[in-house]
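[1] heads up, no residue letters with this:
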């Protein structure tokens, strides 16, 4: 069993707060800026719930540049807001605090000695380092790199000496501008560090054991891995950069994408003995202005060592790099490229370890590189193909076998009768578990007096097909016996808990592992499925069912919404990469259910279904719980809960991941988990 990691300590990172003057006046004409101060205060209040040992601010503490008359007043206002943080705060300069990096076409004043002096008066040194429990933390000034200023020379001399004094020591680096967004040798643009400073920085850090590098500035999440270093760009607490909305295959959100509030927040970093985990925390926008925050459940992260029995399909391209439009004021004369990393971030946010991709992804170098990065993050890959792989595909599989944990092979009905020898040979060469299942297509229905011929396919055994051995031919049995496991399917209109229990029994009887695909699409390809509460409830039931199985892995249909093409349906996240209701339910449930062992299976005791709600009573490690799922967005209602659950007043709201008093469970609470 995988060892579950316990943090040595935790710290927090905030970025790009862009504190505004009290009167709200500024040169930028965006209404979202008027929310910046209150959003920063909400983050400060939320930090008190997570007990970080210290906080690092990645820069852009304030909105006004040092050249503006109100700079000093706003710096004092920012420090006044941050003084409520209940632990030490370490600051480093952003371009708004100290001036833009040297770039001739920049729309704002560039860094200079006068600006550096002003910054130091308010926030202290522009570069520094400190030790915490034997780990080094380095804060740097990115704006001065390539500037020729004396502050740049001083920083290089200091950093060179630091690397000599701390060779191979474990450390984290913090800087405002990221060295790069997608590839190490990308051309200079507004959102990276120019050459030669970029290479000089990365080469200097080589002698250190730099485990993680954290940057701000871009107001969006990006992830790269440079040799052994995880490189994160973290979101702002204030607003999103609307130029990066080009990455999302959907119309931009509020203010042309500048107020995508679900992407705002801060990071909590758990430091383990041998690695770390970064959790991005979005402060609930509904609480802005209320001054209240609630206790939240701590989500899982793949690096903790938890391996939930839940997988998700990455149907959309998750590795593509896109070129953004050339557009002022920031990049009017150069082509900037970026990658949408929100789908992968969402899997970390939900605590998902297992990812399913087509075999094609193993054929592309860029995908293989990203797979390797995510394996280092604690994630695992299942690849799927139709039919026995060709010799070329098989060579590729064997060459890169370390990147995968299992192979799914979907077989035509004819191949299901004749593939035993091929499967056995493939197992010997690949030395990875192989799961097989049959294809079912509308071609098999042709000529059977169907009213509408719809082009559709599905795959996987139906549990009733295997419950009666008389319906299985000897040739099919031979093919099944040649594989390590079987693929099953559960249709969207079926009772998920009943189906999963039946599959668990059949696979145990057959002594085969099981991968179960839970479909969410409707049976007709032209009919969409976007009922948020229905899909969220199905996800919750699939999660409980997965944890109640003695063996097997449940695969959820799609990570991201399919809103075009056949079988349109919602996924765990929307096209902007933000969690849908089903993703929120899954995040909360996986955090609650935590690690699973065969000795601590979840036991479902009772299921009660009415037109208004579904109640599932279950045991987890000897303790009784009840999951309450409303069938409408109107919620469950405190009155009903008070009558039935009087012993325990505390419950978990799956939508928000917060613990609430049962008396306060109002119409917005569509799913609650209670201890009985």
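    Alright, I've got the coordinates. Source: prediction; values computed, not measured.

[2] going forward, measure contacts and count neighbours with C-alpha atoms only.
    OK.

[3] what residue ranges in the chain score low on pLDDT?
    Scanning the chain for pLDDT under 70 picks out the ranges 1-3, 24-28, 284-294, 444-454, 469-470, 596-600, 635-649, 663-668.

[4] give me the domain ranges for it.
    15-293, 337-597, 606-675 (automatic domain parsing).

[5] okay, these in CSV with distance to residue 326 next?
    Conversion of the domains of the chain to CSV gives the following (distance: least, C-alpha to C-alpha, whole Å):
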stretch, distance to residue 326
domain 15-293, 10
domain 337-597, 10
domain 606-675, 38
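
[6] mean neighbour count and distance to residue 306 for those domains - can I get that in CSV?
    Putting the domains of the chain into CSV (neighbours: other C-alpha atoms under 10 Å; distance: least, C-alpha to C-alpha, whole Å) gives the following:
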stretch, mean neighbour count, distance to residue 306
domain 15-293, 19, 12
domain 337-597, 19, 5
domain 606-675, 17, 16
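
[7] how about those, which one is nearest residue 325?
    Minimum separation from residue 325 across the domains of the chain (C-alpha to C-alpha) falls at domain 15-293, 8.0 Å.

[8] now do the closest one: distance to the chain's middle.
    From the chain centre to the centre of domain 15-293 is a distance of 20 Å (C-alpha atoms, centre = their mean, to the nearest Å).

[9] about what we covered before: among the domains of the chain, which comes closest to residue 323?
    Across the domains of the chain, residue 323 has its closest neighbour in domain 337-597 (4.2 Å, C-alpha to C-alpha).

[10] of the domains of the chain, give the one that comes closest to residue 305.
    Among the domains of the chain, if distance is taken as C-alpha to C-alpha, the winner is domain 337-597, at 7.1 Å.

[11] quick one on the thing from earlier: for the domains of the chain, which one sits closest to residue 313?
    domain 337-597 (4.7 Å).

[12] from the chain's centroid, how far away is the closest one?
    Worked out by C-alpha atoms, centre = their mean, domain 337-597 lies 20 Å from the chain centre.

[13] for the stretch 351-500 of the chain, what spans make up the strands?
    Counting by DSSP state E, counting those that start in this stretch, the stretch 351-500 of the chain has these strands, from start to end: 354-358, 380-386, 406-411, 434-441, 457-459, 485-490.

[14] any chance of TSV for those, columns distance to residue 260?
    TSV is the format used below for these (distance: least, C-alpha to C-alpha, whole Å):
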stretch	distance to residue 260
strand 354-358	26
strand 380-386	30
strand 406-411	37
strand 434-441	41
strand 457-459	36
strand 485-490	35
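
[15] which of these sits closest to residue 555?
    Nearest of those (C-alpha to C-alpha): strand 354-358, 8.1 Å.

[16] residue 4 is nearest to which of the domains of the chain?
    domain 337-597 (8.0 Å).

[17] residue 430 touches residue 399, doesn't it?
    No. Using C-alpha atoms under 8 Å, residue 430 makes no contact with residue 399, being 9.1 Å away.

[18] quick check: phi and psi at residue 225.
    Backbone geometry at residue 225, expressed as degrees, to the nearest 10, gives phi -130, psi 120.

[19] nearest residue to it in space, please, no chain neighbours.
    Using C-alpha to C-alpha, 6 or more residues apart in numbering and skipping residues adjacent in sequence, the residue nearest residue 225 is residue 231, 5.6 Å away.

[20] give me the sheet partners of the helix or strand hosting the one you found and which way each runs.
    Using DSSP states H and E, residue 231 falls within strand 229-233. When sheet partners are counted by DSSP bridges, strand 229-233 sits next to strand 209-215 (parallel), strand 222-226 (antiparallel).

[21] which residues in the stretch 401-550 of the chain form helices?
    Ranges of helices in the stretch 401-550 of the chain, per DSSP state H, counting those that start in this stretch, are 420-430, 463-467, 474-482, 496-510, 532-547.

[22] ends of stretch 386-393, what's the gap?
    12 Å (C-alpha to C-alpha, to the nearest Å).

[23] show me where the stretch 201-350 of the chain has strands.
    So, for the stretch 201-350 of the chain - with DSSP E, counting those that start in this stretch - the strands run 209-215, 222-226, 229-233, 266-271, 276-281, 310-313, 321-323, 337-339.

[24] by how many degrees do the third one and strand 276-281 diverge?
    So the one you mean is strand 229-233. 10 degrees (axes from the mean of the first three to the mean of the last three C-alpha atoms, to 10 degrees).

[25] swap in the fourth one?
    Angle between the axes of strand 266-271 and strand 276-281 is 160 degrees (criterion: the same axes, to 10 degrees).

[26] mind listing what strand 266-271 pairs with, with the direction of each?
    Checking strand 266-271 against DSSP bridges gives partners strand 9-14 (antiparallel), strand 276-281 (antiparallel).

[27] need those in JSON lines with distance to residue 633, can you?
    Formatted as JSON lines, these follow (distance: least, C-alpha to C-alpha, whole Å):
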{"stretch": "strand 9-14", "distance to residue 633": "34"}
{"stretch": "strand 276-281", "distance to residue 633": "24"}
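
[28] looking at the helices of the stretch 401-550 of the chain, spot the one closest to residue 588.
    Between those, helix 532-547 lies closest to residue 588; by C-alpha to C-alpha that is 9.6 Å.

[29] report the inter-axis angle for that closest one versus helix 496-510.
    30 degrees.

[30] can you name the next helix or strand after helix 532-547?
    Downstream of helix 532-547 (by DSSP H and E), the next one is strand 553-556.

[31] which strands and helices sit next to that following strand?
    Contacts defined by 3 or more C-alpha pairs under 8 Å, 6 or more residues apart in numbering; DSSP states H and E place strand 553-556 against strand 310-313, strand 513-518, helix 532-547.

[32] let me see the contact set for the spatially closest residue to residue 155 that is not a sequence neighbour.
    Spatial nearest neighbour of residue 155, chain neighbours left out: residue 127 (7.0 Å); criterion: C-alpha to C-alpha, 6+ apart. Residue 127 makes contacts with 92, 138, 139, 140, 141, 155, as judged by C-alpha atoms under 8 Å, 6 or more residues apart in numbering.

[33] kindly report the same for residue 588.
    Contacts of residue 588 by C-alpha under 8 Å, 6+ apart are 297, 299, 350, 654, 655, 656, 657.

[34] show me the strands in the stretch 1-150 of the chain, by range?
    Counting by DSSP E, counting those that start in this stretch, the strands of the stretch 1-150 of the chain are 9-14, 55-57, 89-91, 128-132, 135-139.

[35] okay, the angle between the fourth one and strand 9-14?
    Interaxial angle, strand 128-132 versus strand 9-14 (the same axes, to 10 degrees): 150 degrees.

[36] going forward, count from 47.
    Sounds good: first residue 47 from here, last item strand 174-178.

[37] what lines up beside strand 174-178 in the sheet?
    Using DSSP bridges, the strands paired with strand 174-178 are strand 181-185 (antiparallel).
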